[in-house]
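> Quick one, structure for this:
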Amino acid sequence: MIEVTDFQKVGVGLTGFGLFFIMFGVLLYFDSVLLAFGNVLFLSGLAVIIGLRRTFQFFFQRQKLRASTFFLGGVALVLLRWPIIGMAVEAYGFVLLFRSFFPVVFGFLGSFINIPFMNSLFTKLSGSSNTMV
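Just a heads-up that it's a prediction; the model follows:
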């Protein structure tokens, strides 16, 4: 089992609060201050969880450079108080950055959720040929 240090637990907390503030900022009609605060907390939490070097290597890989540009450009636009355009650019960059993780997440959700319709939907989204119900 992977051991989680106290420092990484703080990172998970920062990331969680960042996601909360981003969701709350979207619910309050794209409040730029909440979105900016959420983005800063999310990125700092990510850096605390996996480390500064690995965060830098993740965002600046050659094949992910365009996605990172969109994501970090969206964060910059939100910080410059253009929240709607910034969140749209950031969402596009997020999808490009993490598109390789989506089949894994959908596969996990399909095995975790035991609702027949949802299970078959997540199985199709994950690309799995497993037809167990």
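> Please report how far the residue lying closest to Ile22 once chain neighbours are set aside lies from Thr15.
Spatially, and ignoring its direct neighbours in sequence, Ile22 is nearest to Gly38 (3.6 Å; Cβ to Cβ, 6 or more residues apart in numbering). Any C-beta I mention is one placed from the backbone N, CA and C, and that applies to glycine too. Going from Gly38 to Thr15 by Cβ to Cβ, to the nearest Å gives 10 Å.
> who has more neighbours, these two?
Gly38 (23 against 19; other Cβ atoms under 10 Å).
> List the contacts of the more buried one.
Shown in contact with Gly38 (Cβ atoms under 8 Å, 6 or more residues apart in numbering): Phe17, Gly18, Leu19, Phe20, Phe21, Ile22, Met23, Phe24, Gly25.
> can you tell me which residues contact Met67?
One thing to correct before we go on: residue 67 is Ala, not Met. Residues in contact with Ala67 (Cβ under 8 Å, 6+ apart) are Gly93, Leu96, Leu97.
> neighbour-wise, which of those residues leads?
With neighbours defined as other Cβ under 10 Å, the most crowded of the contacts of Ala67 is Gly93; it has 22 neighbours.
> my guess is that one meets Ser68, correct?
Yes: counting by Cβ atoms under 8 Å, Gly93 does reach Ser68; the two are 6.9 Å apart.
> Spit out the contact partners of the spatially most central residue of the chain.
By Cα atoms, centre = their mean, the mean C-alpha position of the chain lies nearest to Phe94, the distance being 6.4 Å. Residues near Phe94 by Cβ under 8 Å, 6+ apart: Phe71.
> swap in Ser126?
Counting by Cβ under 8 Å, 6+ apart, Ser126 touches Pro103, Val104, Phe106, Gly107, Gly110.
> swap in Arg81?
For Arg81, the contacting residues are Ser32, Ala36, by Cβ under 8 Å, 6+ apart.
> Just the pLDDT for it.
You'll see Arg81 listed with a pLDDT of 93.
> For it, what are phi and psi?
Main-chain dihedrals, Arg81, degrees, to the nearest 10: phi 70, psi 40.
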